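Engineer: model the structure of this input:
(one chain, ligands or ions: 2)
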Amino acid sequence: MPATVSSSPGPSPAGPPRSGSPAPGRLDRAAGVQAPVRLARASVFMLSLPLVRTFRSAYGRSAGRKRLIVVRLEDADGIAGWGEAPIAERPLYGADTAESTWSALTGLLLPPLIGRPLGGPADAAGTWAPLIGQQYAKNAVETAVWAIASARLGVPLARLWGGARDAVPVGESFPICDTPEALLDEVGARVREGFGRIKLKIAPGWDVAPVRAVREAFPGLPLSVDANCGYVPGYGPPGAPWAALDEFGLVMIEQPLAGDALLDLAELQGCLRTPLCLDESASSVNQTRTALALGSGRVVNIKPPRLGGILPAIAVHDLCAGQQVPVWCGGMLETGIGRAFNLALAALPGFTLHSDMSPARMFYACDLVEPTFDIRPDGCIAVPARAGNGFPVMPGRVADATIRSWESDGRD
Ligand code: OSB
Ligand code: MG
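Structural biologist: Ligands and ions are numbered 1, 2, ... in the order given. Below you'll find the model as predicted:
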């Protein structure tokens with residue numbers, strides 16, 4: 001049967017949601033994409049990539065090398081799609097780890113998919129619907145199936161998902177530095193390259209002083225902070241550091257308290273003018289809905305690997321659009337494989353704030369895609385216009401970085 005795009009144009013036009021209008025319904029459109037696929041082969045690669053810079057946040061420091069997993073799926077016609085699980089070795093940001101993701105991919109998610117006829121990406125996601133957790137593994141497989149579907153249809157992902165723009169405004173996420181002076185030098189360099197919003201990682205001991213230094217040096221710069229759950233309610237003297245940070249006109253304060261501390265977050269939000277942004281808290285569609293209803297935040301960071309795929313990410317987009325809650329696409333130091341999906345997702349109309357989308361060159365000596373992407377002088381990164389993976393994946397570079405691999409054609 002030839003591959004087809006669902007004839008439905010989607011229930012609502014592109015553009016910002018109007019008050020009282022229904023949610024834009026991008027989920028129905030994406031879930032309805034028809035692209036019959038039968039997977040013939042699946043490969044999983046555990047990679048160790050050299051980092052060109054230390055990334056330090058409230059969770060600690062990644063330095064030297066970073067593990068990540070990439071998945072390659074191939075259909076019966078030889079069309080390949082790649083997906084990425086930008087996992088960490090330790091369960092700090094989320095519960096998944098490199099080893100748990102490996103075991104979920106090779107033991108749970110991939111074996112039932114090989115040889116099974118799928119009507120499209122939603123069918124793949126349907127095979128693991130009853131399984132809880134394993135978000136990074138689900139995301140890697142779902143995105144790889146999307147890449148095959150997009151290649152078969154000859155339609156770029158952003159168009160399949162109802163994207164409304166061909167370039168995305170981007171910001172940079174700044175790790176904790178040794179001194180505010182070192183931070184100022186780096187922020188200046190990124191602002192000159194065109195990054196339109198700067199996000200500073202904060203943690204107890206690295207908060208008000210560095211934020212003040214950047215604010216004073218760049219008075220009009222859209223600035224935000226990300227605490228990665230690094231504070232507890234009642235930390236420090238009353239109000240500290242939130243009352244001081246509230247004076248800097250920040251775009252948002254991302255995840256000041258633990259992900260599941262929805263009541264404490266709502267209480268803190270009630271004391272601040274600055275919107276709180278949900279990152280670790282937005283771990284599922286339902287938890288995001290609960291957090292918004294409680295007032296635990298007013299902005300949502302959407303990351304497909306944290307949510308377990310593109311379809312749940314689009315569901316959160318639709319939820320937020322229906323409530324006029326601005327969203328943006330966060331990152332987890334993905335290579336160009338993962339970033340291509342993030343860029344396509346950030347083309348959806350609800351993504352009105354700058355995405356964390358620094359080019360892979362900021363972290364890795366060599367990207368896994370070629371050509372890779374970079375920021376344009378206007379501060380935007382172009383949404384991939386190519387069908388399939390968006391950026392061509394270089395199998396030789398994957399092979400060079402592989403420390404362990406698994407492959408199945410379903411006969412084992
Ligand atoms: O909290 O947004 C986060 C990286 C790894 C895990 C969590 C986070 C981050 C970042 C990096 O901030 C953003 C990026 O990928 O550019
Ligand atoms: Mg964050």
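
Engineer: contacting residues for the closest residue to ligand 2 within the chain?
Structural biologist: In the chain, the residue that lies nearest ligand 2 is Asp279 (3.6 Å; CB to the ion). Using the backbone N, CA and C atoms, a C-beta is placed for each residue, glycine as well. Counting by CB atoms under 8 Å, 6 or more residues apart in numbering, Asp279 makes contact with Asp226, Asn228, Glu254, Gln255, Gly259, Asn301, Lys303, Arg306, Gly330.

Engineer: and the average pLDDT for whichever strand or helix holds Leu27 is what?
Structural biologist: When elements are assigned from DSSP states H and E, Leu27 belongs to helix 26-31. Over the span of helix 26-31, the pLDDT mean works out to 95.

Engineer: name the next helix or strand downstream of it, please.
Structural biologist: strand 37-50.

Engineer: tell me the helix or strand right after that next one.
Structural biologist: Beyond strand 37-50 in the direction of the C-terminus, DSSP H and E gives the next helix or strand as strand 55-57.

Engineer: who are the packing partners of whichever helix or strand comes after that next one?
Structural biologist: Using DSSP H and E, the helix or strand that directly follows strand 55-57 along the chain is strand 60-62. Identification of packing neighbours for strand 60-62 by 3 or more CB pairs under 8 Å, 6 or more residues apart in numbering; DSSP states H and E yields strand 55-57.

Engineer: report all helices and strands that the strand it packs on contacts.
Structural biologist: By 3+ CB pairs under 8 Å, 6+ apart, strand 55-57 packs against strand 60-62.

Engineer: can you list the strands that the next helix or strand after the strand it packs on pairs with?
Structural biologist: Counting by DSSP H and E, the next helix or strand C-terminal to strand 60-62 is strand 65-75. Paired with strand 65-75 in the same sheet, following DSSP bridges, are strand 37-50 (antiparallel), strand 80-85 (antiparallel).

Engineer: the last one close to ligand 1?
Structural biologist: No - where contact is defined by CB under 6 Å from any ligand atom, no part of strand 80-85 touches ligand 1; the two come within 11.8 Å at best.

Engineer: show me which residues of this structure sit near ligand 1.
Structural biologist: Residues of the chain that fall close to ligand 1, judged by CB under 6 Å from any ligand atom: Tyr93, Ser173, Asp226, Asn228, Asp279, Gly330, Gly331, Met332, Leu333, Asp356, Ser358.

Engineer: what bridges to the second one?
Structural biologist: The reference is to Ser173. Beta-bridge partners of Ser173, counted by DSSP bridges, are Lys199.
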